[in-house]
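Trainee: From the sequence below, what's the structure:
(one chain, ligands or ions: 1)
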Amino acid sequence: LEMDNKMKIYYFPDDFAFGVSTAAYQIEGAWNEGGKGESIWDKYLHEHPKYTKDGSNADIATDSYHKYIEDIEMIKKLGVGYYRTSLSWPRILPDGTDNKINKEGVLYYRTLFKELIKANITPVVTLYHWDMPTIFVDLGGWSNPVSLDYFEDYARTSFRLFGDLVKYWLTVNEPHQHCVSSYGGSTIPGLKSPGVALYLCTHNILLAHARVYRIYHQEFRDEQKGKITLPLDCNWSMPKHNGRPEDQEAAERHLEMHVGMFAHPIYSKTGDYPELVRQRIDNASHEEGFPRSRLPYFTDEQIEALKGSSDFFSLNHYTTYLIRAPSIEDEFEIPSYDHDTGVKVEQDLSWSVPGVSWLSVYAPGLRKMIKWITKKYGNEIPIIVTENGVSDRGQIDDYDRVSYFNEYLYELLLAIHEDGSNVKGYFAWSLMDNFEWDDGYSQKFGLYKVDFNDPKRKRTPKLSAKIFHNIVCTRTVDFNFLKPSPEPQLL
Ligand code: PNW
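Mentor: Here you go, the predicted structure:
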């Protein structure tokens, strides 16, 4: 391996925040304990027990409903100051609606947050990480605008119940990923409407976010003094053939349809969907004979409510795609988001794929993604990486994850020191192995290994937990663990 001997040692600034992330359904278990109601993932996996890759569900998961004190010990050992997790909506409101608040659920989260704060760990809390109360899914979930009203009630209740302890709020985790998979048809609840419901979901989540942001700022912020944002999944896209203008355009188009769709209404000066997104979906809808665009329009008032509705940029990043313009042989479902986008998504075969198949490792993508965001939306808004990580198949000596973290964190250092980017924090996904959605427990993203055959769900630190701890303490990466991916052959 050739090492670049010109590599400079840089340090994370003193106020740079390190944390680790999880989400309620992926760790809590106790699916029907303590008065909790049912989420769509509970219901669907009980009705389709063979759905996940390993036939598992998250009835017990890492049992964090009972083992949160141990979790906090593990976070302490990593030396990080922040812990991101989510609230389970049906644990707080078992029927989904706030006419009935589950005291035991509230007590669980209040205790968790108090214990974290006692340990000098600041909680960062996602309101919605995909575990929707069943009742709303039966009504069409996010594709039905009625879900906005109920999400508003749930959010307000959460600010009221936890806002004295929680100062960082994330509204809806990765709306792009969520709408594409859950409303495009690739995952639970299996609503397969990749050309219509997918955009209703997009539109309604943006509106729900704006509403909840405004509520927090109007009703709670003066007293609670917290910050709130919308976490976006921002994987990088680069042209497969850099010399081909149509591939360059395709990569840019993919970024706009994926990141810009959500970031532009919030972070741009003009607001609303990006021009390109608006035109492509309007035109395709028209050509397909739809009476109106499949992507709804915002009112002027809604555009204003969305504009600036974020206190920091919450960025989830895992991988980089190679994008090419489609050729005549390529087929798309019509109507669909894929057809509207009009690109083919590939991976660079020379990059390593340590775990899950969609995740190939190319760390410079993180820095390039940040540059793209900064160029489009300016450098004022602080950026916090709220998820970044890679999966393994169960080994304790997880060298692939060790080099992954070192590589990606070095790119962050370059973003800060050489590009002057306003990056203020980094959260690793994930504290421990957990329920990885469709992949069940077969893909393991943890710094700590969890033994899912052990009723006690024993946790063991992997090598990466020790190395991550070193990074946090020394505030720099370890050059011994850098394993750069080859630059793509951009023919
Ligand atoms: C995120 N992709 O989901 C979620 O926020 C987590 O709950 C999840 O465990 C984690 O990433 C790892 O998968 C994603 O295909 C799922 O690019 C898929 C993709 C990205 C993010």
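
Trainee: who touches stretch 21-30?
Mentor: With contact meaning C-beta atoms under 8 Å, 6 or more residues apart in numbering, stretch 21-30 is reached by 36, 39, 41, 58-66, 71, 83-88, 91, 126, 129-131, 173, 386-387, 427-432, 434-437. Every residue, glycine included, has its C-beta placed from N, CA and C.

Trainee: ok, the residue in the chain positioned nearest to the ligand - how many residues close by?
Mentor: Of all residues in the chain, residue 358 sits closest to the ligand, at 4.3 Å by C-beta to the nearest ligand atom. When neighbours are defined as other C-beta atoms under 10 Å, residue 358 has 12 of them.

Trainee: Which residues are in contact with it?
Mentor: 319, 347.

Trainee: hmm, 7 Å instead?
Mentor: For residue 358, the set of contacting residues under the criterion of C-beta atoms under 7 Å, 6 or more residues apart in numbering consists of residue 319.

Trainee: which of the contacts of stretch 21-30 are buried?
Mentor: The neighbour count (16 or more other C-beta atoms under 10 Å) marks 36, 39, 41, 58, 60-66, 71, 83-88, 91, 126, 129-131, 173, 386-387, 427-432, 434-437 as buried among these.

Trainee: out of these, which are inside strands?
Mentor: 83-86, 126, 386-387, 427-429 (DSSP state E).

Trainee: for the helix or strand containing residue 248, packing partners?
Mentor: Secondary structure from DSSP states H and E places residue 248 in helix 245-255. With contacts taken as 3 or more C-beta pairs under 7 Å, 6 or more residues apart in numbering; DSSP states H and E, helix 245-255 sits against strand 236-239, strand 320-324.

Trainee: Low-confidence stretches in the protein?
Mentor: Along the chain, the model assigns pLDDT under 70 to residues 1-5, 490-491.

Trainee: near the ligand, which residues of it?
Mentor: 23, 26, 173-174, 177, 233, 235, 316, 318, 358, 387, 429, 436, 445 (C-beta under 6 Å from any ligand atom).

Trainee: what's the farthest-apart pair in those residues?
Mentor: Farthest pair in the residues of the chain next to the ligand (C-beta to C-beta) is 26 and 235. Separation: 19.6 Å.

Trainee: what about the two, which has more around it?
Mentor: A side-by-side neighbour count of residue 26 and residue 235, using other C-beta under 10 Å, places residue 26 first with 27 against 22.

Trainee: Distance check, the more buried one against residue 383.
Mentor: Shown here: residue 26 relative to residue 383, a distance of 24 Å by C-beta to C-beta, to the nearest Å.

Trainee: all helices of the stretch 301-450 of the chain, in order?
Mentor: Taking DSSP state H, counting those that start in this stretch as the criterion, the stretch 301-450 of the chain contains helices spanning 337-341, 364-377, 399-417.

Trainee: which residues are in contact with the shortest one?
Mentor: Read it as helix 337-341. By C-beta under 7 Å, 6+ apart, the residues outside helix 337-341 that reach it are 180, 184, 194-195, 198, 253-254, 257, 280-281, 284, 332-333.

Trainee: rewinding a little: put together TSV for the helices of the stretch 301-450 of the chain, with mean neighbour count on each row.
Mentor: Formatted as TSV, the helices of the stretch 301-450 of the chain follow (neighbours: other C-beta atoms under 10 Å):
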stretch	mean neighbour count
helix 337-341	22
helix 364-377	20
helix 399-417	22
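
Trainee: out of the ones you listed, nearest to residue 247?
Mentor: That would be helix 337-341 among these, by C-beta to C-beta, at 13.8 Å.

Trainee: re the thing from before, from the contacts of helix 337-341, keep the buried residues only.
Mentor: Applying 16+ other C-beta under 10 Å to the contacts of helix 337-341 flags 180, 184, 194-195, 198, 253-254, 257, 280-281, 284, 332 as buried.

Trainee: Against residue 324, how distant is the closest residue to residue 248 other than its chain neighbours?
Mentor: Spatial nearest neighbour of residue 248, chain neighbours left out: residue 239 (4.7 Å); criterion: C-beta to C-beta, 6 or more residues apart in numbering. Look at residue 239 and residue 324: by C-beta to C-beta, they are 7 Å apart.

Trainee: Name the residue in those two with the higher neighbour count.
Mentor: residue 239 (24 against 19).

Trainee: Spit out the contact partners of that one.
Mentor: The contact partners of residue 239, by C-beta under 7 Å, 6+ apart, come to 247-248, 250-251, 323, 490.

Trainee: who's it bridged to?
Mentor: When bridges are taken as DSSP bridges, the partners of residue 239 come out as residue 323.

Trainee: I'd say residue 425 and residue 382 touch.
Mentor: No: the pair residue 425 / residue 382 is not scored as a contact, 8.1 Å apart, by C-beta atoms under 7 Å.

Trainee: Out of the two, name the residue with the larger neighbour count.
Mentor: Shown here are residue 425 and residue 382; by other C-beta under 10 Å, residue 425 has more neighbours (24 against 17).

Trainee: Ignoring the adjacent residues along the chain, who's closest to that one?
Mentor: In space, residue 425 is closest to residue 17, 3.4 Å off (C-beta to C-beta, 6+ apart).

Trainee: So what's the residue count around that neighbour?
Mentor: Each residue near residue 17 was counted by other C-beta under 10 Å, and the total is 19.

Trainee: Ramachandran angles for it?
Mentor: phi -100, psi 130 (degrees, to the nearest 10).

Trainee: Okay, it and residue 412: tell me how far apart.
Mentor: 12 Å.

Trainee: mind listing the strands for this protein?
Mentor: Using DSSP E, the strands of the chain run over 17-21, 82-86, 122-128, 168-172, 227-229, 232-233, 236-239, 313-316, 320-324, 344-346, 383-387, 423-429, 448-450, 459-461.

Trainee: which helices and strands does the last one pack with?
Mentor: Secondary structure elements in contact with strand 459-461, counted by 3+ C-beta pairs under 7 Å, 6+ apart, are strand 448-450.
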